[in-house]
Each structure stands twice: as C-alpha cells, then as structure tokens.
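A.B. asks: Next comes the sequence, and after it the predicted model I'd like to discuss.
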Amino acid sequence: MHITRIWADESGESHYQDIEISLAPSGPLGWMSTPLLVTSMILRENEPGYDYDWHVAPRRQYIVMLAGSVEIQASDGESRTFGPGDIVQMEDVTGKGHKSRSPDDKSRRSIFLPLP
C-alpha cells in the first residue's frame, strides 16, 4: 500500500518521499500491514476554495483523504494532488513547510491520525 511522506531536511526544505507499506495475507480478512501506531483521530472538513499559504504541520500525522482533493506544494517546488483513499504522512513540523489548497473549489473531508 502506498503512503506519500512530506518531510523537512536539515536546511528546512520540505520534500516528497514515496513509501510502500508491505501487506501480508490475513486469510478471509484480505491483506494487512503490521500495526501502525497512532495516538488519536481528528475529523476535518475544509470549505470549498481554501488556500493556505506556507505553514508547517502542527504535529507528525497521517492524513487520510475521504472526499474532495487537496494540492500540496512542498518548499522544494514539487506539487502533488491527493484525493479519496490517499494517505499522506506529514512530517515537516519545522522548516519552510508546505502550501495546501483546493484544486477544484470543492469541500474536502479527511481524517488526521497523529503519530506518537
């Protein structure tokens, strides 16, 4: 299963990294990863047309996209768009951060899962 990580290097520049999480057969339950630790769950809805300037993540966390989409630009200039089913691991809690905006002027629903 694919997770996209956004992280900051020693100079504060944020970057993308693609991570593949291994899944193993779990009988009739399908394929599963080993447990990934999280501390809580936060539900979020963004209004249509949001556009957040440069900011760092408030904490290390996964963002699981449920509905709508988001375009995130890392400070190194790379932009990617995420939609329902995508998982983003936010780790740029220091440095220059990232921008995020609505690419389609629609609302967005997501789940934030803070990391320990």
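C.D. replies: Noted; the coordinates are in hand. Residues are numbered from 1 along each chain as shown.
A.B. asks: from here on, contacts and neighbour counts on C-alpha atoms
C.D. replies: Fine.
A.B. asks: Just give me the residue right at the centre of the protein.
C.D. replies: Of all residues in the chain, the one closest to the mean position by Cα atoms, centre = their mean is V88, 2.3 Å from it.
A.B. asks: Spell out the secondary structure type for that one.
C.D. replies: Of the three states, V88 takes strand under DSSP: H, G, I helix; E, B strand; the rest coil.
A.B. asks: Bridged to it, which residues?
C.D. replies: When assigned by DSSP bridges, V88 has beta-bridge partners T4, I63.
A.B. asks: ok, now which ones touch it?
C.D. replies: Shown in contact with V88 (Cα atoms under 8 Å, 6 or more residues apart in numbering): I3, T4, R5, I6, Y62, I63, V64.
A.B. asks: For the fifth one, which non-adjacent residue is closest in space?
C.D. replies: Counting by Cα to Cα, 6 or more residues apart in numbering, the nearest residue to Y62 once its immediate chain neighbours are dropped is Q89, at 4.4 Å.
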